[in-house]
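> my questions concern the predicted model and sequence given below.
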Amino acid sequence: MVIQSLLDTDLYKFSMMQVVLHQFPGAQVEYRFKCRSRGVDLSPHLEEIRDEVRHLCSLRFRRDELDYLRGLRFLKSDYVDLLRLFQLDESFIDIRHAPDQQGGIDILIRGPWLHTILFEVPVLAIVSEVWFRNAHRDFDTAEGVRRLTHKIGLVRAHPDPEFRISDFGTRRRFSRAWQRRVVETLAREIAPRVAGTSNVYFAREFGMIPLGTMAHEYLQACQAVGPRLRDSQRFAFDKWAEEYRGDLGIALTDVCGMDAFLRDFDLFFCKLFDGVRHDSGDPFEWGEKMLAHYQRMRVDARGKTFVFSDSLTVPLCIELYERFKGRCKPGFGLGTNLTNDLGVDALQVVIKMTRCNGQPVAKISDTPEKTMDYDPSYVKYLREVFQVPEIPADTSD
């Protein structure tokens, strides 16, 4: 089976879930699936995906896994005690044929946030692996090995030992076995140049640092659970700081666009948070904007971490490092290009929160191609509240 442990997910799912337990235990949410890859029909594999999800819902945390989580200083004992009893509930997820939808299937996750938050990453990993093991049977990974070896060579050859990369590739990996091989190879070949992995299972297996803080869903949900929409980002950051008291201090910048983020990320948050994460828009422009903002706030950005995590390749990481080294502490989370670069097109699939407590929620990406099928009237209202202009459609041939 694709998922063999509930640790086989990204760390930010556990960090966000703890906040949900302590701050929003009664929140009800809805997530929807979207396939962005054209020409892909997942419907012939519908039953296989359902069987894999059914198996996922049978899993429980083992005692040794709980002991590992208990050893992470930012996870509290009452939360780990909850995980001892935790099991994903199949009644909260509906997977069905959708001939009018790109990809041919629809996945709807609906229920208590606390009991549905751990679905997203493993379900996406299931969809991706089921697709590849059917569309590319008996696939030879030799090309993937060659490409991985080339990436490792580029990282090893960089003269600055402070240049490091991380694995952020669980959701859209080619397979669990391939991600394991990638992470194991990185740990063996260039361990000092690998900051860690977002995958908790592999972090534990290979003695690496598990990486992650918050994802878009957290700030999106705060649009519904906070006091008022305009204050939702500040509310989200306040609640995060209340929970972690200085740990996991990387703020996500693109839920309502970079400019709206900067208006909310005032002197207090600039000093409170260790850094920021980029996930859409031009990374060079983003970095310069962020540096200018810290300068306006009279905060020395050289002590702040800038995590780049959007569509990275190793050459792009090197370019970004050369631009921003000495001006901040650049970090790089490589996703699909690290765990699904074997010579065939990776499957572009996402699961995003669309409602919380019966209200629409949304993300306004700095990359238009990352749009989701959110409630259009709500997105319009969100743009008005956060002063985010519409990006004109490209009408060029």
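Good, I have the coordinates. Quick caveat: nothing in here was measured; it's all calculated off a predicted structure. Numbering: from 1, shown residues only.
> please identify which helix or strand holds V307.
Using DSSP states H and E, V307 falls within strand 305-308.
> what about that strand, average pLDDT?
For strand 305-308, mean pLDDT rounds to 98.
> give the pairing partners of it; include direction for each.
Partner strands for strand 305-308, per DSSP bridges, with pairing direction: strand 275-278 (parallel), strand 329-334 (parallel).
> just the C-alpha atoms of the longest one, please, in CSV.
Just to be clear, that refers to strand 329-334. Provided in CSV are the C-alpha atoms of strand 329-334 (Å, rounded to 0.1, in the frame of the first residue of the first chain):
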residue,chain,number,x,y,z
LYS,A,329,19.6,33.5,5.6
PRO,A,330,18.3,31.8,2.5
GLY,A,331,16.7,28.3,2.7
PHE,A,332,15.4,26.1,0.0
GLY,A,333,12.6,23.5,0.1
LEU,A,334,12.6,21.5,-3.2
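> what is the mean pLDDT for that strand?
Here the average pLDDT along strand 329-334 is 98.
> follow-up on the earlier one: quick check: next helix or strand after the strand holding V307?
Sequence order places helix 314-324 as the next helix or strand after strand 305-308, per DSSP H and E.
> what sits up against that following helix?
Residues outside helix 314-324 that contact it (C-beta atoms under 8 Å, 6 or more residues apart in numbering) are 151, 154-155, 158, 160, 163, 165, 283-284, 287, 291, 306, 308, 330, 332, 334, 337. The C-beta positions use only the backbone N, C-alpha and C, and glycine is treated the same way.
> tell me the average confidence for that helix?
The pLDDT scores in helix 314-324 average 98.
> buried residues, it. List them.
By neighbour count with 16 or more other C-beta atoms under 10 Å, helix 314-324 contains the buried residues V314, L316, C317, I318, L320, Y321, F324.
> can you put the residues you listed in JSON lines and add distance to E243?
Below are the buried residues of helix 314-324 laid out as JSON lines (distance: C-beta to C-beta, whole Å):
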{"residue": "V314", "distance to E243": "34"}
{"residue": "L316", "distance to E243": "33"}
{"residue": "C317", "distance to E243": "30"}
{"residue": "I318", "distance to E243": "35"}
{"residue": "L320", "distance to E243": "30"}
{"residue": "Y321", "distance to E243": "31"}
{"residue": "F324", "distance to E243": "29"}
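> which residues in the stretch 151-300 of the chain form helices?
Using DSSP state H, counting those that start in this stretch, the helices of the stretch 151-300 of the chain run over residues 176-189, 200-206, 216-225, 232-244, 258-264, 267-272, 283-296.
> how much space between the nearest residue to F284 once chain neighbours are set aside and L312?
What sits nearest to F284 in space, not counting adjacent residues and going by C-beta to C-beta, 6 or more residues apart in numbering, is R323, at 6.2 Å. For R323, the distance to L312 (C-beta to C-beta, to the nearest Å) stands at 14 Å.
> phi first, then psi, for C57.
With angles defined as degrees, to the nearest 10, C57 sits at phi -80, psi -10.
> report pLDDT for it.
98.
> wouldn't it be in contact with D89 here?
Yes. Here C57 reaches D89: they are 6.6 Å apart, a contact under C-beta atoms under 8 Å.
> of those two, who's got more company?
Between C57 and D89, C57 has the larger neighbour count (other C-beta atoms under 10 Å), namely 16 against 13.
> wait, what's in contact with the more buried one?
For C57, counting by C-beta under 8 Å, 6+ apart, the contacting residues are Q87, L88, D89, E90, I93.
> what's the answer for G281, then?
Here G281 is in contact with D254, M258, D310, S365, D366, T367 (C-beta under 8 Å, 6+ apart).
> now the first one: closest residue in space, sequence neighbours ignored.
Setting aside the residues directly before and after it, D254 is nearest to S280 in space (C-beta to C-beta, 6+ apart), at 4.7 Å.
> isn't that neighbour right next to S311, touching?
No. With contact defined as C-beta under 8 Å, S280 does not count as touching S311 (9.1 Å).
> who has more neighbours, those two?
Shown here are S280 and S311; by other C-beta under 10 Å, S280 has more neighbours (23 against 16).
> residues near D160, how many?
By the criterion of other C-beta under 10 Å, D160 has 11 neighbours.
> how far away is it from R193?
10 Å.
> what's the answer for L291, then?
When C-beta to C-beta is the yardstick, L291 and R193 sit 25 Å from each other.
> how about G249?
Applying C-beta to C-beta, the value for G249 to R193 is 23 Å.
> pLDDT below threshold where in this structure?
In the predicted model, the chain carries pLDDT under 70 at residues 368-371, 391-397.
> ok, which stretches of this structure are strands?
28-35, 93-97, 105-112, 165-167, 194-197, 250-252, 275-278, 305-308, 329-334, 349-356, 359-360 (DSSP state E).
> may I see these arranged in CSV, with distance to L82 as well?
Formatted as CSV, those follow (distance: least, C-beta to C-beta, whole Å):
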stretch, distance to L82
strand 28-35, 17
strand 93-97, 20
strand 105-112, 12
strand 165-167, 27
strand 194-197, 24
strand 250-252, 24
strand 275-278, 27
strand 305-308, 28
strand 329-334, 28
strand 349-356, 20
strand 359-360, 26
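> which of those sits most buried?
strand 165-167 (a mean of 25; mean count of other C-beta atoms under 10 Å).
> can you list the strands that that one pairs with?
As assigned by DSSP bridges, strand 165-167 forms pairs with strand 194-197 (parallel), strand 329-334 (parallel).
> what does it contact?
Here strand 165-167 has contacts from 155, 179, 182-183, 186, 193-199, 202, 211, 314, 317, 331-334, 338-339, using C-beta under 8 Å, 6+ apart.
> rerun at 10 Å
Residues outside strand 165-167 that contact it (C-beta atoms under 10 Å, 6 or more residues apart in numbering) are 151-152, 154-155, 158, 173, 179, 182-183, 186-187, 190, 193-199, 202-203, 208-209, 211-212, 307, 309, 312, 314, 317-318, 321, 331-335, 338-339.
> so how far is it off the chain centroid?
13 Å (C-alpha atoms, centre = their mean, to the nearest Å).
> ok, stretch 168-176 next?
On C-alpha atoms, centre = their mean, the centre of stretch 168-176 falls 11 Å from that of its chain.
> for it, measure first residue to last.
With C-alpha to C-alpha, to the nearest Å as the measure, stretch 168-176 spans 13 Å from end to end.
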